[in-house]
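Undergrad: Coordinates for the following, if possible.
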Amino acid sequence: MNKDEYIKIAKDKLNSISSNIMINQIEKYYKAKEYVLPKCKYNIGDLVKLKKGTLLHGTYKNIDGLKEIVNDGLISSWFINDRTSKYPSSVGVWNLKKDYLLKDYINFYSGGTIRYSGLLEDGEYSQNIKTSIIPYDEMKNINEIIIDNPCRMWSMEQTKEARFMPSLVQEQVQIGIIFDGNNKYVKDLLEGDILNPSFISDNDVKEFVNETYYDKFIIERKNKDDFFTDRESAILFGIPSNLIEGILVGRKYEKDLDILKEIKSLLPNCYICNLDGVVIL
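TA: Numbers count the residues shown, from 1 in each chain. You can find the predicted model right below:
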């Protein structure tokens, strides 16, 4: 589809205020397509360093999903009739809050998210709660970690990144997309991040969220913790593929030379790296 067709969908789906917000975002998307990606700075064997503001996205469709994104951009499900989500208006990305070596970031998100409820304070159990991330390499110390955080109850699950990005704990997702986040075009697109209440008001964001989730969403986006995280953004409409700087592959794809060659043919100017955070092609 072209820009006019996307704008027509926005007008058909949304009221005047919301459609204007979405149309403005579509215009920013097409402006971002003018961006020229800097020449790849990596050689095979280099460790990948990700800057604060880098955006990442995993596709459950793997190589087929990557082909779609390269050809058409990363577009929200409203506009491509894809599977529905809590935010059908938007595309979900991980938004780095600090500089990372990729290998350290993967170790961080391949761990677990833990909630301690009824914390022990001054010798008595309180009503207080805290959350934290236990990195992959610290999971073996779970017993000691729990003992060091006495509480009435704890619960734990995989991080969201571990589920939706290539990770050390699952093999279903084999493709992660790394977007260059350090340019003016991405900063403009992030003004359409519906998870940031400073950009879009509670009233204006309502049409962009699944109606069965809206009431909970409004509360949670203002009270983020390690479960409803401040590590992610949900950007209205989409992100163009010319902002892709690299591809992260899981262990299966790392061993598949045909897949690696196909990825490189799709994105000849981008690096391909593995779960060790090392450039392999």
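Undergrad: Now do the helices in the stretch 51-200 of the chain.
TA: Taking DSSP state H, counting those that start in this stretch to define them, one finds helices in the stretch 51-200 of the chain at 62-72, 77-80, 102-109, 142-147, 160-164, 184-189.
Undergrad: What residues of stretch 30-44 count as buried?
TA: Under the neighbour-count criterion of 16 or more other C-beta atoms under 10 Å, stretch 30-44 has 32, 42 buried. (C-beta placed from N, C-alpha, C; glycine too.)
Undergrad: Endpoints of that stretch, how far apart?
TA: Between the opening and closing residues of stretch 30-44 there is a gap of 33 Å (C-alpha to C-alpha, to the nearest Å).
Undergrad: Stretch 3-22 now?
TA: End-to-end for stretch 3-22, by C-alpha to C-alpha: 12 Å.
Undergrad: Could you list the low-pLDDT ranges of the stretch 1-150 of the chain?
TA: 82-83 (pLDDT under 70).
Undergrad: next one: phi and psi at the residue lying closest to residue 200 once chain neighbours are set aside?
TA: Spatial nearest neighbour of residue 200, chain neighbours left out: residue 194 (5.7 Å); criterion: C-beta to C-beta, 6 or more residues apart in numbering. Reported as degrees, to the nearest 10, the phi and psi values for residue 194 are phi -70, psi -10.
Undergrad: picking up where we left off before, can you check which of the helices of the stretch 51-200 of the chain gets nearest to residue 252?
TA: Checking the helices of the stretch 51-200 of the chain against residue 252 by C-beta to C-beta gives helix 62-72 as the closest, at 9.0 Å.
Undergrad: what's the neighbour count on the closest residue to residue 142 other than its chain neighbours?
TA: Excluding the flanking residues, the one nearest residue 142 by C-beta to C-beta, 6+ apart is residue 134, at 6.9 Å. Applying other C-beta atoms under 10 Å, we find 20 residues neighbouring residue 134.
Undergrad: what does the one 4 residues further on give?
TA: Here the number of neighbours of residue 138 (other C-beta under 10 Å) works out to 15.
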